[in-house]
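K.L.:
next come a sequence and a model predicted from it.
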Amino acid sequence: MIILRDTYKHQGLRKLLVETLRSDRSDRIPIMDKRILEVIGKVPRHFFLAPEFSEFAYRDQAFQIGCGQTISQPYTVAFQTQLLDVRPREKILEIGTGSGYQAAILLELGAKVFTIERQRELFDKADELLHKMNYDLKMLFGDGYRGWPVYAPFHKIIITCGAPEVPEALYEQLRPGGIMVVPVGEGDTQEMKRVIKLRNGERYEQNFGLFRFVPMLKDKV
Ligand code: SAH
């Protein structure tokens with residue numbers, strides 16, 4: 001049974017986290033999107049960590065969530081979400097549900113969320129938590145490399161694990177005009193890429209610097 005309690009202390013820590021994300025620093029671009037800062041200030045990130053680690057929930061760092069996986073650093077969640085340029089009612093496919101936190105952020109922004117996870121234990125935990133928080137979304141236990149063809153095409157696709165290259169099957173499931181945000185690279189760090197499927201059929205790629213993700217694994221479900 002999950003007990004959900006959001007105290008004034010948690011709310012205060014969330015406000016400080018939002019200030020960190022928007023603050024000027026020499027080493028990264030501040031998060032400026034007001035809607036994203038607002039939903040990060042709203043969603044209790046500590047619900048997505050084991051209760052004994054609650055105190056780590058509002059530090060701007062990645063954290064273990066079991067099965068050798070991590071909940072992404074809040075800055076990374078905000079940055080990827082900003083690159084995705086989410087509009088209400090858009091269909092967004094997420095690869096790597098993990099804790100479910102990124103999915104909750106997309107849902108709070110009004111998107112229709114479809115999310116895929118390949119680790120059974122994490123899938124079940126996120127499924128229970130997100131439904132308990134009254135979110136309405138579609139979740140699939142399976143291999144993200146295949147995408148989710150029955151619900152394609154998607155306006156946006158966000159990959160929250162490091163992919164060896166831009167997964168072609170997923171690119172095909174993007175609408176014309178659609179955007180994919182994907183960290184690409186097999187080493188310790190990945191280049192954050194935004195891939196846009198232009199309406200004229202061309203592909204446009206932009207790079208946004210190095211980030212650190214757990215790997216996107218193949219065919220091990
Ligand atoms: N978005 C998550 C981040 C989780 S870390 C959050 O907000 O917490 C990345 C996740 O991707 C891990 O849970 C890992 O199991 C999952 N993953 C790795 N390879 C995958 C694949 N091929 N298909 C689906 N999920 C995958």
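P.N.:
Yep, it's here.
K.L.:
could I get the pLDDT score of the spatially most central residue of the chain?
P.N.:
With distances taken as CA atoms, centre = their mean, Q102 lies nearest the centre of the chain, 3.6 Å away. Q102 carries a pLDDT value of 98.
K.L.:
so it is in which element?
P.N.:
helix 101-108 (DSSP states H and E).
K.L.:
ok, now which ones touch the residue nearest to the centre of the chain?
P.N.:
S72, V77, Q80, T81, E94, I158, T160 (CB atoms under 8 Å, 6 or more residues apart in numbering). (Glycine included, C-beta is placed from N, CA and C.)
K.L.:
from T160, how far out is the third one?
P.N.:
Looking back up the chat, that one is Q80. Plainly put, Q80 is 7 Å away from T160 if you go by CB to CB, to the nearest Å.
K.L.:
of the two, who's got more company?
P.N.:
Between Q80 and T160, T160 has the larger neighbour count (other CB atoms under 10 Å), namely 28 against 23.
K.L.:
between Q80 and T160, which contacts overlap?
P.N.:
Contacts common to Q80 and T160, judged by CB under 8 Å, 6+ apart, are S72, Q102.
K.L.:
for the helix or strand following the helix holding Q102, what is the distance to the chain centroid?
P.N.:
As assigned by DSSP H and E, the chain's next helix or strand after helix 101-108 is strand 112-117. How far strand 112-117 lies from its chain's middle: 10 Å, per CA atoms, centre = their mean, to the nearest Å.
K.L.:
so which elements touch strand 112-117?
P.N.:
strand 91-95, helix 101-108, helix 120-132, strand 138-141 (3 or more CB pairs under 8 Å, 6 or more residues apart in numbering; DSSP states H and E).
K.L.:
adjacent strands (with direction) for that strand?
P.N.:
The strands beside strand 112-117 in its sheet (DSSP bridges) come out as strand 91-95 (parallel), strand 138-141 (parallel).
K.L.:
okay, the residue lying closest to E108 once chain neighbours are set aside and Q82: tell me how far apart.
P.N.:
Nearest residue to E108, sequence neighbours excluded (CB to CB, 6 or more residues apart in numbering): V39, at 4.0 Å. Per CB to CB, V39 is found 12 Å from Q82.
K.L.:
who has more neighbours, those two?
P.N.:
The neighbour comparison of V39 against Q82 (other CB under 10 Å) goes to V39, with 21 against 18.
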